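Colleague: prediction below, plus the sequence it came from.
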Amino acid sequence: MTRKKDKDITTQAEAHLPTDWGTLIISAHTDDRGDYTPHLVLRHPDLDTNQPVLVRIHSECITGDVFHSQKCDCGQQLSESMKIVAQGNGVLVYLRQEGRGIGIINKLKAYKHQEDGLDTVAANEALGLESDYRKYDVAAEILKSLSISKVKLITNNPEKISSLKDHGIEVTQRIPLIIPPTESNAEYLKTKENIMGHLLSD
């Protein structure tokens, strides 16, 4: 259901990447140099690890990030995060755990259940799956490999905060990332807040 457990994560490759928000350094992180889906990091060239670093941990969402789906707020969150990271000399960790860890095929099956009226959590349960398989320990490991021990975390998800703390990363500040709801994702955002505990009212 989820990615295989990463063992000794190392940086396999990196390069400069010009983006709409300025040039960042992109790097691939995995324990297997032949991995087609490594975790990715975008970091500002002037990253200063001697002070708390602006960090966004973003889980892969092909439909939102790539195809600009309006069913979720993921694509908008990614764009806003990249802007914040570029302006604040920060880091974006892009974890390859599509569909909250169920993968794109199951995600599309869940979409079909949502078309029949189920919310995003109930749709997963209808497939015999949990609502969220994502893990953030690998993000902590990657941050440590970059000599980052204190972060200002860009998130609405308390689970990310507690997971980083559990793995030795100090979260000095939470920075909300609120995307205005649309007609297509309003119910999805309500489910994230009311059932999954995301902090969307700040």
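Modeller: Looks like it arrived, so ask away.
Colleague: any idea where the helices of this protein begin and end?
Modeller: For the chain, helices defined by DSSP state H occupy the ranges 74-87, 98-101, 103-115, 120-126, 137-145, 158-166, 186-194.
Colleague: in this protein, where is pLDDT below threshold?
Modeller: The model of the chain has pLDDT under 70 over residues 1-7, 184-202.
Colleague: list the contacts of the residue nearest to Lys83 when sequence neighbours are not counted.
Modeller: Of all residues not flanking Lys83 in the chain, Trp21 sits nearest, at 4.9 Å (C-beta to C-beta, 6 or more residues apart in numbering). Heads up, the C-betas are built off the backbone N, CA and C, glycines and all. Residues counted as contacts of Trp21 (C-beta atoms under 8 Å, 6 or more residues apart in numbering) are Met82, Lys83, Val85, Ala86, Gln87.
Colleague: that older thread, would you turn the helices of the chain into CSV with mean neighbour count and distance to Val41?
Modeller: Formatted as CSV, those follow (neighbours: other C-beta atoms under 10 Å; distance: least, C-beta to C-beta, whole Å):
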stretch, mean neighbour count, distance to Val41
helix 74-87, 19, 10
helix 98-101, 24, 17
helix 103-115, 16, 22
helix 120-126, 19, 27
helix 137-145, 19, 6
helix 158-166, 16, 15
helix 186-194, 16, 25
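Colleague: quick one, which of those helices is nearest to Gln51?
Modeller: Proximity to Gln51, assessed across these by C-beta to C-beta, is greatest for helix 137-145 (14.1 Å).
Colleague: and the angle from the closest one to helix 158-166?
Modeller: 50 degrees (axes from the mean of the first three to the mean of the last three C-alpha atoms, to 10 degrees).
Colleague: from Leu78, how far off is the spatially most central residue of the chain?
Modeller: For the chain, the residue sitting closest to the mean C-alpha position, by C-alpha atoms, centre = their mean, is His58 at 1.4 Å. Distance of His58 to Leu78, given as C-beta to C-beta, to the nearest Å: 6 Å.
Colleague: and the residue of the chain most remote from its centre, what are its phi and psi?
Modeller: Computed with C-alpha atoms, centre = their mean, the residue of the chain farthest from its C-alpha average is Asp116, at 27.3 Å. For Asp116, the backbone dihedrals (degrees, to the nearest 10) come out as phi -90, psi 0.
Colleague: what sits against it?
Modeller: Applying C-beta under 8 Å, 6+ apart to Asp116 gives no contacts.
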